[in-house]
Each structure stands twice: as C-alpha cells, then as structure tokens.
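Participant: Show me how the following folds:
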Amino acid sequence: MPDCSAELGPADPPKPPPPQSPLLKGGGDETAGGLCSPFRIPWLWALAVIAADQLTKWLALAWLKPLGRIPVILGFFNLGYVENPGAAWGILAGWQVFLIAFSVAVLAFFFWKRRQLFGGIRGGGLIFATLLGGVLGNLIDRIRLGYVIDFLDFYLGHSHFPTFNIADSAICCSVFAFLLMQWLGERKKNIRLKSTHSGILQTKDNQVPSSPE
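Facilitator: Numbers count the residues shown, from 1 in each chain. So this is what the prediction gives:
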C-alpha cells in the first residue's frame, strides 16, 4: 500500500488555549454578546446585595419606624430608623441632585476602569460586584425617596457611629477588600522579585572562576 503519511504532512501542533480575560481571574468574564456564565456569579451577587439592602430598608420602614429604636446589645448596638438626606454624618443634606450625580459618576468610572482596577487582583469580580451593589442600593433610595434609610446604630456611651445600612456595609467591605488584595498582590510581587534577584546573584557567584594559586 502507498504511504499516505508523506502526502498528509506532519500533524499540526496543538493550539494554545485562548488567553483568559483579566476579569475571569478575578471572578468572571464578559463577552460581546452579553454576560457569559463565569461572570454571572458576581453579577448575581450584586443583585443579591441590592435585594438584601432594599429588603432590610423596607423592614426598617415597616417595623422600626413606628417603634423608634430597639436595643439589641445594651451600650453598643441598636436597631433604629433614620432618614438621611445627606451622606455620612448627614453632611451635604439637601444636596440630593449633587449626591445622585456623584453616585452615577462613581458608577461610570468604576465600570469604565473595572478591568484595570479589579482585573489583576484575587476575587476582583466579586469585589467589584459588591461595590456596585452597595452604590446602587443607596442610589435607588436617593432617586425614589429623596433620602437614604439607615437603621444600624453602633455606639459607646454617648458617642454614636453614623447610622448605616447594608449598602454602606457593602461599600466599606469592598473598598477594604480591594485595598487588602492590592497590598497582598504587591507584597507577593516584591517577594518574587527579591527571590529572582537573589537567584541571579547566586548564579553569577557560582560562575566566577576561581583564581589560580
């Protein structure tokens, strides 16, 4: 029989796998046609944060507003109902148009820079989704009500921390996680660079010829 292998030529080398998107490393990826399945988890998490925030605010409006404050841990933690027309500590009260515009600008900036900011850190997609859910949770209140409902009141003696809500917690936790992951990433990179530099120096020392006696 004739040898057909020469006619067919050598087998094609295996194709390398397609490069991963930076957001896939951080928890997800996007495609031009919409959200692909690996990135649905962070987006669903953002929706879960918004749902939890709005549900707890509705419960605060329905149950806490008629009752006032409910002590949970005496001398430390209360549940209460507060209508905050401004930002933390009530600053910028009455500046709803500015606060809404600022929130929209923050959302646009983080969405535009999401790959650069969150793509290179561990859990970046989840951190981005948590931040997104927190900002949207308070933005919904400002647009719908003209104020933000707060109900978590921590205090020591007569010193009260600003009353906050689930959306505020999501924003603070995501910012803290972002800074922590950035610091850990830089620390790991510096350790790797030091290790590589030490290895190069050791190799050069081993290659230096010994002087003749």
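Participant: Name all residues that make contact with the closest residue to Tyr155 other than its chain neighbours.
Facilitator: In space, Tyr155 comes closest to Phe161 once its chain neighbours are excluded; the distance is 6.4 Å by Cβ to Cβ, 6 or more residues apart in numbering. Glycine gets a C-beta too; all of them are placed from N, C-alpha and C. Going by Cβ atoms under 8 Å, 6 or more residues apart in numbering, Phe161 touches 153-155.
Participant: from the residues you listed, which is closest to Cys172?
Facilitator: The shortest approach to Cys172 among the contacts of Phe161 belongs to Phe154, at 12.7 Å (Cβ to Cβ).
Participant: For the helix or strand harbouring the closest one, buried residues please.
Facilitator: Assigned by DSSP states H and E, Phe154 falls within strand 148-156. In terms of neighbour count (16 or more other Cβ atoms under 10 Å), strand 148-156 has its buried residues at 148-153.
Participant: Dump that strand to CSV, restricted to CA.
Facilitator: Provided in CSV are the C-alpha atoms of strand 148-156 (Å, rounded to 0.1, in the frame of the first residue of the first chain):
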residue,chain,number,x,y,z
VAL,A,148,-31.4,57.1,52.4
ILE,A,149,-32.8,54.8,55.0
ASP,A,150,-30.4,53.8,57.7
PHE,A,151,-31.0,51.5,60.7
LEU,A,152,-27.8,50.0,62.1
ASP,A,153,-26.7,52.1,65.1
PHE,A,154,-23.4,51.3,66.9
TYR,A,155,-22.3,53.4,69.9
LEU,A,156,-20.2,53.5,73.0
